[in-house]
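A.B. asks: What follows is a predicted structure for the sequence shown.
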Amino acid sequence: MKRSAISVVLALAVSGGALFMPGGALAREGVEVGKQSGFTRLVSADQVEQAAAQQYAQMQSQARQQNAMLPDNHLQVVRLRTIARRVIPHAMEWNKRAPKWQWEVNVINSKELNAFCMPGGKIAFYTGILETLKLTDDEVAMIMGHEMAHALREHARERMGKTAATRIGANLLSGLLGLGSTGDTLLNMGGQLLTLKFSREDESEADLVGMELAARAGYDPRAGVSLWQKMAAAAKGAPPQFLSTHPSSSTRIQEIQANLGKVTPLYDRAPKPAQRFDTPRKVGQGSLSQDQILALWGVGPVTLGH
């Protein structure tokens, strides 16, 4: 083996797969998405996360009133929290605030094909997306990683920052022209977060970061392809890409395939889940006793998402 090749092997061994570059710099292994937007600085992260926590609590309260919140011992809830426990530790490097977040995972009984992660780590899945698409654990991890990526990359805060910049600019212009204030430049964050739409760029970025998070947690990133094939079949008649803020399913699949080489080695090295839930029962057929839950997890009491 040539000396240069030996050096690369030693560098990989010492760094756990990351590669040391000339001068001692450590090249990060995984996807590349660039720095966060500077617009996030225009809105307080604390305020955004507080607003998210309030809206998430309201959503939970409404779901309970409608008897739509699945109980902690439901198999789908156990399943998602088990997957989340594997994925969340790999989220910490993406946002310095993430270790302090009070992460939660809940499931709502609804036919809607949706899932989200609000700022501060507030995750929710609807049973519709789990059951209609018959998601495997790998596909669930891809969705969960994608939604977590929106929170980690602070896409909601960025969108609010852009709105704030627009309002501030309008108010400054009005002041210069003597027209008076055009309105309060402070954002009304209540009611925005659950309905906030992200840009195509945000969605593409979340796909890549989510794919890496899932791979590091031991879930096959190639599931992103089957996931979006299922999404495409479920969304027949959806508007073409140029009329939507979301990339088309075919575009997402192409981007995922183009980046698989960056995350597959992470998946290959990652410890794999000891327990899988790839054929979950339907709502109303999936309640487990506490003993059954602990047997599935092989761990102590639940600490995530009450």
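C.D. replies: Received the coordinates, thanks. Numbers count the residues shown, from 1 in each chain.

A.B. asks: which residues in the stretch 1-150 of the chain form strands?
C.D. replies: Secondary structure of the stretch 1-150 of the chain, counting by DSSP state E, counting those that start in this stretch: strands at 19-20, 26-27, 104-108, 115-118, 122-126.

A.B. asks: what's the closest of those to Met231?
C.D. replies: Nearest to Met231, of all these, is strand 115-118, at 11.7 Å by Cβ to Cβ. From N, CA and C alone the C-beta is placed, and that goes for glycine too.

A.B. asks: Quick one: low-confidence residue ranges for the chain.
C.D. replies: Along the chain, segments meeting pLDDT under 70 span 1-27, 34-42, 161-198, 237-247, 279-306.

A.B. asks: Helices along the stretch 1-150 of the chain, start to end?
C.D. replies: 3-15, 45-65, 75-87, 127-132, 137-152 (DSSP state H, counting those that start in this stretch).

A.B. asks: Against which helices or strands is the fourth one packed?
C.D. replies: The criterion is 3 or more Cβ pairs under 8 Å, 6 or more residues apart in numbering; DSSP states H and E, and the helices and strands that helix 127-132 contacts are strand 104-108.

A.B. asks: residues making contact with the strand it packs on?
C.D. replies: For strand 104-108, contacts defined as Cβ atoms under 8 Å, 6 or more residues apart in numbering pick out 56, 59-60, 63, 68-70, 74, 76-77, 80-81, 84, 121-127, 130, 304-306.

A.B. asks: before we move on, the earlier item: need the winner for burial among the helices of the stretch 1-150 of the chain.
C.D. replies: Most buried of those, by mean neighbour count (mean count of other Cβ atoms under 10 Å): helix 137-152, with a mean of 26.

A.B. asks: Would you mind writing the CA trace of it as PDB?
C.D. replies: Output of helix 137-152 as PDB, limited to C-alpha atoms (Å, rounded to 0.1, in the frame of the first residue of the first chain):
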ATOM      1  CA  ASP A 137     -39.300   2.400  10.000                       C
ATOM      2  CA  ASP A 138     -36.700   3.600   7.600                       C
ATOM      3  CA  GLU A 139     -39.300   5.800   5.900                       C
ATOM      4  CA  VAL A 140     -40.600   7.100   9.200                       C
ATOM      5  CA  ALA A 141     -37.000   8.000  10.100                       C
ATOM      6  CA  MET A 142     -36.600   9.900   6.800                       C
ATOM      7  CA  ILE A 143     -39.800  11.900   7.500                       C
ATOM      8  CA  MET A 144     -38.800  12.500  11.100                       C
ATOM      9  CA  GLY A 145     -35.300  13.600  10.100                       C
ATOM     10  CA  HIS A 146     -36.700  15.900   7.500                       C
ATOM     11  CA  GLU A 147     -39.100  17.600   9.900                       C
ATOM     12  CA  MET A 148     -36.400  17.900  12.600                       C
ATOM     13  CA  ALA A 149     -34.100  19.500  10.000                       C
ATOM     14  CA  HIS A 150     -36.600  22.300   9.500                       C
ATOM     15  CA  ALA A 151     -36.400  23.100  13.300                       C
ATOM     16  CA  LEU A 152     -32.600  22.600  13.400                       C
END
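
A.B. asks: quick one, what contacts the nearest residue to Val140 once chain neighbours are set aside?
C.D. replies: In this structure, Val140 finds its nearest non-sequential neighbour in Ile83, 5.7 Å apart by Cβ to Cβ, 6 or more residues apart in numbering. Contact analysis of Ile83 by Cβ under 8 Å, 6+ apart lists 137, 140-141, 144, 217, 219, 273.

A.B. asks: Quickly check these for the two that are furthest apart.
C.D. replies: With distance counted by Cβ to Cβ, no two of these lie farther apart than Met144 and Pro273, which are 13.1 Å apart.

A.B. asks: May I see the strands of the stretch 1-150 of the chain organised as a markdown table, with mean neighbour count and distance to Gln229 added?
C.D. replies: Putting the strands of the stretch 1-150 of the chain into a markdown table (neighbours: other Cβ atoms under 10 Å; distance: least, Cβ to Cβ, whole Å) gives the following:
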| stretch | mean neighbour count | distance to Gln229 |
| --- | --- | --- |
| strand 19-20 | 14 | 33 |
| strand 26-27 | 10 | 33 |
| strand 104-108 | 23 | 24 |
| strand 115-118 | 24 | 18 |
| strand 122-126 | 24 | 20 |
